[in-house]
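Asks: Predicted model and sequence follow; I will ask about them next.
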Amino acid sequence: MNEHKKPKISTLLYFVRPYPKFIAGMFLLIVASAVFEGANIAVLFGLLGTVLDPAVVSADGNFILSFFSGLIQAIPIQNKIVAISLFMIAITIVKSLLVFARQIFTYHAGYTIWYDVQKKIFEKYMNADYQYFLDHKQGEMIFRAYSAPSVMGGVLQYAGEALALTAQLVMVGIVLVSISPEVSGIVFLFGGVFYFLTNFIAKKVSYNLGRKRTEACEEQNNLLVEFISGIKQIKVFMSEKRWFAEYVLAMKSYFRPALKDRVWHEIPLNAVEIFAIVMLCGLIIVFKRIQGDAFLGQLSLLGTFAYAFYRFMPSLKKIGSLRIGILGNLPIVEALYSVARVKMKTIPDGDVCMGKFNEAIEFRDINFSYPGRTKTLENINFRVKRGEVTAFVGSSGSGKTTIMNLLLRVFAPSDGKILIDGRDIKDLKLESWLKNVGYVSQETFIFNASIEDNIVFGRGYDEKRVVEVCKLANAHEFIETFPEGYKTRVGERGLKLSGGQRQRLAIARAIYSSPQVLIMDEATSALDNVSEAKVREAIKKVSYDHTVILVAHRLSTVVHADQIMVLDQGRIVEKGTHEMLKTGSDIYSELYRGEKVSG
């Protein structure tokens, strides 16, 4: 990791640029509130001068004072002090309303951009290739989709506030220069020292500490996801201490730089008040020594500058604080920027809408390799006719599941073609193909909702169809034993159900939308014999009017298949029916002898 990476404010501009209306509105409100803030100081100077020494506030040659003097004279009130006071009250009211409007506008813009960015990041994840999820940690993705957008929304609000306060200080500075360039020069010198101090802390300290905090947050998320996902094994193997130690280490990696950042954060905030008071008292002493008895004539000038100090010392503190906060959180925005810019989808979608599956699926000269690995599949050729049951068997790592993933278009082949009814799968709209497919995997995804919600899975709800597919999947009987039936909530990851029950729900889900093709990837491998028999019976029932493609370790699941493909080291080495292969092949017959097959 580069400890002194240069911060890139352009990453923040990337998220703001699509909102020109927000930018224009913010600019107008910032300028308007800044102008009225400067007007407040100018009118105050006129009021003090009128009360103490009118000669000091002569508007001759001073455009700003002349402008406000003309406005005050237009007020139909003879008493000048009353007229200036009323004018100052009006300016203050308008300024406060503008500041309030600008703050509300900033919050609205920040929350809107936060909402839009979070939605777009989730949408990008939703459309990403499966390979992207294999290459990235879950905790990191959760942090960047959930936590990072909220931080970015806060940074945008910080930035808007910092710009507004800076604009106000600039406008007040212009007014103060018009009143006394010499005194203003001393003020600007003080402001310059403070700027360089906060700039050093923001760029050299807070930014790099912020990067460490960001990495620590992502690591904490990763550990939490892994801990929750593996809680059963962690408890069984009594390895809680290891996970606790890892999590505490990640927490320390966050809190140590966070504490350092807060210490550095407070240095300019406390220093600014000391500098300001020293400078103001120094000015009074200098004026007294230079002016002597005429010192009282300068009270209006000193009073105006004193008010400006009193009014804007908190603003100066806040600008420094906001700048440090922005740079400290910028690494999180940069992490979000990297997600927004990265190409997550590399498998292009086709443009041909397919109707129902009618003829056959064909793999023709297919080769495939995972990134950074040797060839996983080599010269794969087979044909599955409509209505057939085709099974794939072989040892672990032989490429069975990879074939299913290619058929589901989770991955794209390195070479060769996958033909669906004679059309290359890459030319088909993925959605139109997947509408024809039902899928059951070994690790069934069950979420914390009702049984019927898990079956419908976001598709149109049809109560009659739910019951019908559950009967086909041999699930209706056990569902009816629950007090709430199909409304029963199944717990996180379906932990309230047995493995066999989860698999039968998965089969019901797969056939709910009446697919033409059923893909079952080792749907019984993790089950006991009783559960496996029930699931096998369910598979047999749903196979009558579907094209079924099976991956299985247990040959009992595939004995009735129309054709069986035997894979070894990424190649199809044997083909045939169960009866043909059990005596006429090497690998399959060896598998057969090692397993008692019923059927």
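Replies: Alright, I've got the coordinates.
Asks: Name the nearest residue to residue 484, sequence neighbours excluded.
Replies: residue 450 (8.0 Å; CB to CB, 6 or more residues apart in numbering). Heads up, the C-betas are built off the backbone N, CA and C, glycines and all.
Asks: can you count the residues close to the one you found?
Replies: 15 (other CB atoms under 10 Å).
Asks: Would you mind confirming that it makes contact with residue 491?
Replies: No - between residue 450 and residue 491 there is no contact under CB atoms under 8 Å: 11.0 Å.
Asks: Can you pull out the low-pLDDT segments for the stretch 251-400 of the chain?
Replies: 265-273, 275-277, 279-280, 282-314, 317 (pLDDT under 70).
Asks: If we use 80, what do you get?
Replies: Low-confidence regions of the stretch 251-400 of the chain, defined by pLDDT under 80, span residues 254-255, 257-325, 327-328, 372-374.
Asks: what sits opposite the residue nearest to residue 484 in the beta ladder?
Replies: Bridge pairing for residue 450 (DSSP bridges) gives the partners residue 489.
Asks: ok, it - contacts?
Replies: Shown in contact with residue 450 (CB atoms under 8 Å, 6 or more residues apart in numbering): 484, 486-490.
Asks: Select only the buried ones of the residues you listed in ChimeraX?
Replies: Buried residues within the contacts of residue 450, by 16 or more other CB atoms under 10 Å, are selected in ChimeraX with:
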select :486,488,490
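Asks: Straight-line length of stretch 434-444, end to end?
Replies: 18 Å (CA to CA, to the nearest Å).
Asks: average pLDDT for that stretch?
Replies: For stretch 434-444, mean pLDDT rounds to 86.
Asks: Could you pull out the buried residues of that stretch?
Replies: Applying 16+ other CB under 10 Å to stretch 434-444 flags 434-442, 444 as buried.
Asks: what do you get for stretch 512-520?
Replies: Here stretch 512-520 shows 512-513, 515-520 as buried, counting by 16+ other CB under 10 Å.
Asks: Put together CSV for those, with secondary structure and pLDDT on each row.
Replies: Below are the buried residues of stretch 512-520 laid out as CSV (DSSP: H, G, I helix; E, B strand; the rest coil; pLDDT from 0 to 100):
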residue, secondary structure, pLDDT
512, helix, 88
513, coil, 86
515, coil, 88
516, coil, 89
517, strand, 91
518, strand, 89
519, strand, 90
520, strand, 86
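Asks: Most widely separated two among the residues you listed?
Replies: 513 and 520 (15.8 Å; CB to CB).
Asks: hmm, back to that, between the buried residues of stretch 512-520, which is closest to residue 480?
Replies: Using CB to CB, residue 512 comes nearest to residue 480 of the buried residues of stretch 512-520, at 18.2 Å.
Asks: Nearest residue to that closest one in space, please, no chain neighbours.
Replies: Nearest to residue 512 is residue 469, by CB to CB, 6+ apart, at 5.1 Å.
Asks: Residue 455 is in contact with that neighbour, correct?
Replies: Yes - assessed by CB under 8 Å, residue 469 is found in contact with residue 455 at 6.8 Å.
Asks: So for the protein, the centremost residue is which one?
Replies: residue 145 (1.8 Å; CA atoms, centre = their mean).
Asks: Test my guess that that residue contacts residue 128.
Replies: No - Residue 145 is beyond contact range of residue 128, at 11.2 Å (criterion: CB under 8 Å).
Asks: ok, so of the buried residues of stretch 434-444, who is nearest residue 573?
Replies: residue 442 (23.0 Å).
Asks: Check whether that closest one sits in a helix, strand or coil.
Replies: coil (DSSP: H, G, I helix; E, B strand; the rest coil).
Asks: Go through the helix or strand that contains residue 172 and flag the buried ones.
Replies: If you go by DSSP states H and E, residue 172 is part of helix 148-179. Neighbour-count burial for helix 148-179 flags 148-149, 151-169, 171-179 (criterion: 16+ other CB under 10 Å).
Asks: domain assignment for the protein?
Replies: For the chain, the domain assignment from automatic domain parsing gives the residue ranges 10-341, 360-593.
Asks: lowest-confidence stretch among those?
Replies: Checking each of the domains of the chain, the one with the poorest mean pLDDT is domain 10-341, at a mean of 74.
Asks: tell me the SS of residue 548?
Replies: From three-state DSSP, the assignment for residue 548 is strand.
Asks: Let me see the ranges of the strands in the chain.
Replies: 360-369, 375-385, 389-394, 415-420, 423-424, 437-440, 517-521, 547-551, 563-568, 571-576 (DSSP state E).
Asks: Distance to residue 402 added to these, as JSON lines?
Replies: Formatted as JSON lines, those follow (distance: least, CB to CB, whole Å):
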{"stretch": "strand 360-369", "distance to residue 402": "6"}
{"stretch": "strand 375-385", "distance to residue 402": "5"}
{"stretch": "strand 389-394", "distance to residue 402": "10"}
{"stretch": "strand 415-420", "distance to residue 402": "12"}
{"stretch": "strand 423-424", "distance to residue 402": "19"}
{"stretch": "strand 437-440", "distance to residue 402": "15"}
{"stretch": "strand 517-521", "distance to residue 402": "10"}
{"stretch": "strand 547-551", "distance to residue 402": "10"}
{"stretch": "strand 563-568", "distance to residue 402": "9"}
{"stretch": "strand 571-576", "distance to residue 402": "12"}
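Asks: right, and these - which one's nearest residue 506?
Replies: So among the strands of the chain, strand 437-440 is nearest, using CB to CB, at 4.7 Å.
Asks: what's next to that closest one, contact-wise?
Replies: With contact meaning CB under 8 Å, 6+ apart, strand 437-440 is reached by 408, 503, 506-507, 509-513, 515-521, 523, 546.
Asks: try 7 Å this time
Replies: 408, 506-507, 510-511, 515, 517-521, 523 (CB atoms under 7 Å, 6 or more residues apart in numbering).
Asks: Stretch 335-353: end-to-end distance?
Replies: Counting by CA to CA, you get 37 Å between the two ends of stretch 335-353.
Asks: Could you pull out the buried residues of that stretch?
Replies: 335-337, 339, 344, 350.
Asks: Stretch 419-427 now?
Replies: 419-421, 425-426.
Asks: cool, and stretch 108-117?
Replies: 109-110, 113-114, 117.
Asks: Which residues are in contact with the residue nearest to residue 92 when sequence neighbours are not counted?
Replies: Spatial nearest neighbour of residue 92, chain neighbours left out: residue 40 (6.1 Å); criterion: CB to CB, 6+ apart. Neighbouring residues of residue 40 by CB under 7 Å, 6+ apart: 88, 91-92, 95.
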